[in-house]
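Colleague: sequence first, then the predicted structure:
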Amino acid sequence: MKKTILSLLAVAMLQLPLGVTKAVAQPEEPYDPWEPMNRGVFEFNDFLDVHLLEPVARFYKENAPEPVYVGVGNFFSNLEYPNYLVSDIIQGKFTQAWDHTARFFINTTVGVLGFMDFATDWGYPYHNEDFGIALAYHGVPAGPYLVVPLFGPMNVRDGIGEIVDGFINPIGWVAYSSANDATKIGVLLGALGIRTVQTRAGLLQAIETAKESSVDYYLSVQGAYYQYRHGMLTDGKDDDEDDQFEQPPMPQGTFKGLEANGWSDVE
């Protein structure tokens, strides 16, 4: 099944007009034909966040030693290397591909499996990429806005990107190869739980501020999501003097590399 999906995606990518769309000049406007359903899912996600995820994340952030907190974030970011590399290559960003490759080998070896980030100080910066951004780069339309249970906001294009990224990520490899192994599945679920708590812990103040300042939190999150994705697509080059992409209200859900894009509470 996995090989079939990846083969179809490869054929689809060959049909894309490579190089036609360098970047979207203007942010995409939200298209939300499923708003009633989305609001219901949004409220469900927020209920789980308030009563489960936020308390756990707050306890973790307040009690975990800083080296542990930072190291865990570095470790999961390092695991995203295959996702970054595929997106870089599809977009023709070969300098970024080299940066990500160098980062992975430096941080995996000298940085002890990625828990320490030496690569940034050695001149190999982090770039946030994923398959959804690669599709957007080549002009694939966003499609309707969608709020997914447990995962939060996205659009149809980015949802497809999330599925592909799930196959590419090493955690996805483990899940696919361990479907009948209860022990490995338990370890996998534990890793996913830690990653989710880690991400949420870095966004405590951002989400609290967004809720306090929003007249309609749903619309605030929606707008922030589209700004965030546009900032990724343009590599932040469209930021104006008002820093429109700097620390917008944080959407629900787990986004990769948020700390590296100004969304984290951590300085």
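Modeller: That came in fine, so what should we check first?
Colleague: so who does Trp122 touch?
Modeller: Residues near Trp122 by CB atoms under 8 Å, 6 or more residues apart in numbering: Ile106. Quick note: C-beta positions are derived from backbone N, CA and C, even for glycine.
Colleague: mind checking how far Gly190 is from Thr234?
Modeller: Separation of Gly190 from Thr234 (CB to CB, to the nearest Å) stands at 36 Å.
Colleague: tell me how far the ends of stretch 147-165 are from each other?
Modeller: 18 Å (CA to CA, to the nearest Å).
Colleague: give the rounded mean pLDDT of it.
Modeller: In this model, stretch 147-165 has a mean pLDDT of 94.
Colleague: show me what counts as buried in that stretch.
Modeller: 147, 151-158, 160-162, 164-165 (16 or more other CB atoms under 10 Å).
Colleague: among those residues, which one lies nearest to Trp98?
Modeller: The nearest member of the buried residues of stretch 147-165 to Trp98, counting by CB to CB, is Asp165 at 20.6 Å.
Colleague: sort out for me which of the buried residues of stretch 147-165 are in strands.
Modeller: Those of the buried residues of stretch 147-165 mapping onto strands are 147, 152-155, per DSSP state E.
Colleague: so between Gly190 and Thr234, which is more surrounded?
Modeller: Thr234 (18 against 10; other CB atoms under 10 Å).
Colleague: pLDDT wise, what is that one at?
Modeller: 87.
Colleague: tell me the confidence at Lys190?
Modeller: Wrong residue type there; residue 190 is Gly, not Lys. At Gly190, the predicted lDDT confidence score is 82.
Colleague: same check, this time on Met1
Modeller: With respect to pLDDT, Met1 has a value of 43.
Colleague: please renumber the chain so that the first residue is 65 from this point on.
Modeller: All right, first residue 65 from here; so that's Met65.
Colleague: same for the helix or strand harbouring Asn147, what does it pack against?
Modeller: According to DSSP states H and E, Asn147 maps onto helix 145-155. With contacts taken as 3 or more CB pairs under 8 Å, 6 or more residues apart in numbering; DSSP states H and E, helix 145-155 sits against helix 158-173, helix 195-201, helix 220-232.
Colleague: what residues sit buried inside it?
Modeller: For helix 145-155, by 16+ other CB under 10 Å, it's 145-152, 154-155.
Colleague: centre of the chain to that helix, how far?
Modeller: 13 Å (CA atoms, centre = their mean, to the nearest Å).
Colleague: now the helices: where do they sit in the protein?
Modeller: 66-78, 99-112, 118-127, 130-143, 145-155, 158-173, 195-201, 220-232, 234-241, 246-265, 268-277, 281-297 (DSSP state H).
Colleague: can you give me the buried ones in the second one?
Modeller: Right, helix 99-112. For helix 99-112, by 16+ other CB under 10 Å, it's 99, 102, 105-106, 109-110.
Colleague: okay, the helices and strands packed on helix 145-155, which one's buried deepest?
Modeller: Comparing the helices and strands packed on helix 145-155 by mean neighbour count (mean count of other CB atoms under 10 Å), helix 195-201 comes out on top with a mean of 24.
Colleague: export that helix as PDB, just CAs?
Modeller: Extracted C-alpha coordinates of helix 195-201, given in PDB (Å, rounded to 0.1, in the frame of the first residue of the first chain):
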ATOM      1  CA  PHE A 195       5.400  18.400   1.400                       C
ATOM      2  CA  GLY A 196       2.400  20.800   1.500                       C
ATOM      3  CA  ILE A 197       4.700  23.700   0.900                       C
ATOM      4  CA  ALA A 198       6.300  21.900  -2.000                       C
ATOM      5  CA  LEU A 199       2.900  21.400  -3.600                       C
ATOM      6  CA  ALA A 200       2.000  25.100  -3.000                       C
ATOM      7  CA  TYR A 201       5.300  26.200  -4.500                       C
END
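Colleague: what angle do the helix holding Asn147 and helix 281-297 make?
Modeller: Relative orientation of helix 145-155 versus helix 281-297 (axes from the mean of the first three to the mean of the last three CA atoms, to 10 degrees): 70 degrees.
Colleague: many thanks, have a good one.
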